[in-house]
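Asker: could you look at this predicted model? Sequence included:
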Amino acid sequence: METQHFSYGYRLLLMLLIIGVNGFFAAAETALISVRPSRLRQMAEEGVVGAHAALSLLANPERLLSVSQVGLTLASLCLGWLGEETLYGLLLALFAPVATVATKTVLGVISLVFAFALMTFSHVVFGEVVPKNVSLEKPDRVAVLAAPILLVFYKLVEPFVWIIERAAGAVSRLVGVHGHHRGAHSPEELKYVLSASRADGHITRFEEEAMRRIVDLQEYNVRQVMVPRNQIVMVTSGADIDEVLQLMSESRYSRLPVCERQGENPIGFVHVKDVLDFWALRRQSNLRRRGVEPFRVASILRKAPIVPESRPLQLVFEDLRGQNAHLAFVVDEFGTVTGLVSIEDVFEQVFGEIEDEFDLQAQRPCGHSLSFEVEGSIPIRDLEMQYGIELPSGEEFETLAGYLLLRLGRIPVAGDAVDYGGHRLTVIAMEFNRVSRVRIDRAPPPAADSD
């Protein structure tokens, strides 16, 4: 009898050990899937033991899953083989004093059911759920602790894992899964992560919005953010220094595009620093009564990159940064310059409107103001970001003026109005055929019930 009790005690200890092994593999798999690789790289740089092993496992996600599944399967099979028989025998021994010939079969069935339920409960709670919860709470710490042991286990079962990987790969290809996914997130998933991070207080609203706009940057091209040609302030190549300075003073721009003759394509641009350097040199020469070469725009002309209208905005940013350029000329399919884009235009798509002390401040709605004015050239995206007004977007237009032209179906005149989404958009100023200013009237909120 004592030998039997010792045998059951030994089996129970072995069951607990197997449940622990199962829990280890469950925790290791969950931790390594949940942990951020950037966090592991940081820990590796800090010299944390196990960080390099974890990064090695994450380098091949399919192999990681195969190794952990081999461990989990072996542990579960051993637990099923040993646990059910052990618990069944223990329960039969407990019921033996009250067992009779008539009740023996019933007690046997009850023992079997209880043994299965108890083993399943122990397996799920202590071998799966609790270890995974711990890993989700502290994935980085669990990952670096478990990774070295998991690597050793992989070396022991490497041939078996190789067979599993090949078999799983073949079956996956049959069902159309090619195994190229490496834990990458789609833009929508990234936005969900940003929302969750802000809800948990890890990032601010400004940070969330900026990162969302960076994710959306791939959806925009140059044509949607450029300054149209009819709004570009240009200087001719034959202009003298006083004309250039006068134009810079009036426009408040530090860079002016240059064209050979009025109306032609720009050939480059001049920078205010170069113009002022020449002006200072001429002034000093006049004071010393020395001659100076006449001012020529060509002598200080700088080249600007040329990009097509369809070029994605993120690539334009890389172009400008790579060439140390601040602006680029935009051309259409026929090679005609249709606009100008600056690095500031790209930044504004991420951080919103950027205005310095010389920019003309648009009339912004204050508090619950029901009426305000905007430029007709304001992009639809800026109208939504800055004023909370959502207009339909389409390939036919990018600005408020374009939307009004589409809705009216003709060239507007001052006083024309369009209603949309509780707002009235009224044209209040035209410059030739261009919508210059628009007044936006918001519908007043419904009056509260006097009752």
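Answerer: Great, that's in hand. Numbering: from 1, shown residues only.

Asker: does the nearest residue to L301 once chain neighbours are set aside count as helix, strand or coil?
Answerer: Nearest non-adjacent residue to L301, counting by C-beta to C-beta, 6 or more residues apart in numbering: G268, 4.4 Å away. All C-beta atoms are positioned from the backbone trio N, CA, C, and that covers glycine. Three-state call for G268 (DSSP: H, G, I helix; E, B strand; the rest coil): strand.

Asker: can I assume G268 is in contact with P305?
Answerer: No. G268 sits out of contact with P305 when judged by C-beta atoms under 8 Å, with a separation of 10.8 Å.

Asker: touching stretch 130-145 from outside, list them.
Answerer: 23-24, 26-28, 30-32, 34-36, 39-40, 43, 48-51, 53-54 (C-beta atoms under 8 Å, 6 or more residues apart in numbering).

Asker: show me what counts as buried in the helix or strand harbouring Q246.
Answerer: Here Q246 sits within helix 241-251, counting by DSSP states H and E. Buried residues in helix 241-251, counting neighbours by 16 or more other C-beta atoms under 10 Å, are found at 241, 244-245, 247-248.

Asker: state the mean pLDDT of the helix or strand that it is followed by.
Answerer: Using DSSP H and E, the helix or strand that directly follows helix 241-251 along the chain is strand 255-259. For strand 255-259, mean pLDDT rounds to 90.

Asker: need the contact list for L12.
Answerer: Contacts for L12 (C-beta under 8 Å, 6+ apart) come out as T86.

Asker: assign it to helix, strand or coil.
Answerer: Under three-state DSSP, L12 falls in the helix class.

Asker: tell me how this protein divides into domains.
Answerer: 2-174, 187-219, 225-351, 371-442 (automatic domain parsing).

Asker: chain center to the last one, what's the gap?
Answerer: To tie it back to what came earlier, the one meant is domain 371-442. Put simply, domain 371-442 sits 30 Å off its chain's centre (C-alpha atoms, centre = their mean, to the nearest Å).

Asker: start and end of it, how far apart?
Answerer: End-to-end distance for domain 371-442: 6 Å, by C-alpha to C-alpha, to the nearest Å.

Asker: mean confidence score for it?
Answerer: Domain 371-442 shows a mean pLDDT of 85.

Asker: going forward can the numbers begin at 41, since that is how I track them
Answerer: Got it, the first residue is 41 from now on, which makes the last one we talked about domain 411-482.

Asker: let me see the ranges of the strands in the protein.
Answerer: 267-268, 275-276, 295-299, 306-311, 346-348, 367-371, 377-382, 411-415, 457-460, 463-471, 474-482 (DSSP state E).

Asker: could these go into CSV alongside mean neighbour count?
Answerer: As requested, the strands of the chain are exported to CSV (neighbours: other C-beta atoms under 10 Å):
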stretch, mean neighbour count
strand 267-268, 16
strand 275-276, 18
strand 295-299, 20
strand 306-311, 20
strand 346-348, 16
strand 367-371, 22
strand 377-382, 22
strand 411-415, 16
strand 457-460, 14
strand 463-471, 17
strand 474-482, 19
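
Asker: out of those strands, the one nearest I204 is which?
Answerer: strand 346-348 (49.7 Å; C-beta to C-beta).

Asker: each with direction, which strands does that closest one pair with?
Answerer: strand 367-371 (parallel) (DSSP bridges).

Asker: and the angle for the partner strand with strand 377-382?
Answerer: Angle between the axes of strand 367-371 and strand 377-382 is 160 degrees (criterion: axes from the mean of the first three to the mean of the last three C-alpha atoms, to 10 degrees).

Asker: tell me which residues are up against strand 367-371.
Answerer: So strand 367-371 is in contact with 262-263, 266, 295, 297, 305-306, 309, 344-349, 356, 359-360, 377-383, going by C-beta under 8 Å, 6+ apart.

Asker: ok, R51 - contacts?
Answerer: With contact taken as C-beta under 8 Å, 6+ apart, R51 is in contact with 122, 126.

Asker: same check, this time on R342
Answerer: Contact analysis of R342 by C-beta under 8 Å, 6+ apart lists 308-311, 314.

Asker: and with 6 Å instead?
Answerer: 308-309 (C-beta atoms under 6 Å, 6 or more residues apart in numbering).

Asker: tell me what it is bridged to.
Answerer: Beta-bridge partners of R342, as defined by DSSP bridges: F309.

Asker: again, but for the one 10 residues further on
Answerer: The residues paired with P352 through beta bridges, assigned by DSSP bridges, are N261.

Asker: that older thread, could I have the helix holding Q286 exported to CSV, CA atoms only?
Answerer: Output of helix 281-291 as CSV, limited to C-alpha atoms (Å, rounded to 0.1, in the frame of the first residue of the first chain):
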residue,chain,number,x,y,z
ILE,A,281,18.5,94.2,-57.6
ASP,A,282,16.0,96.8,-56.6
GLU,A,283,13.1,95.0,-58.3
VAL,A,284,14.1,91.7,-56.7
LEU,A,285,14.3,93.2,-53.3
GLN,A,286,11.0,95.0,-53.8
LEU,A,287,9.3,91.8,-54.8
MET,A,288,10.8,89.9,-51.9
SER,A,289,9.7,92.6,-49.5
GLU,A,290,6.1,92.6,-50.8
SER,A,291,5.8,88.8,-51.0
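
Asker: quick one: average pLDDT of it?
Answerer: 88.

Asker: how far does it sit from its chain's centre?
Answerer: The answer for helix 281-291 is 43 Å, by C-alpha atoms, centre = their mean.

Asker: hmm, back to that, out of the buried residues of helix 281-291, which comes closest to G120?
Answerer: M288 (83.1 Å).
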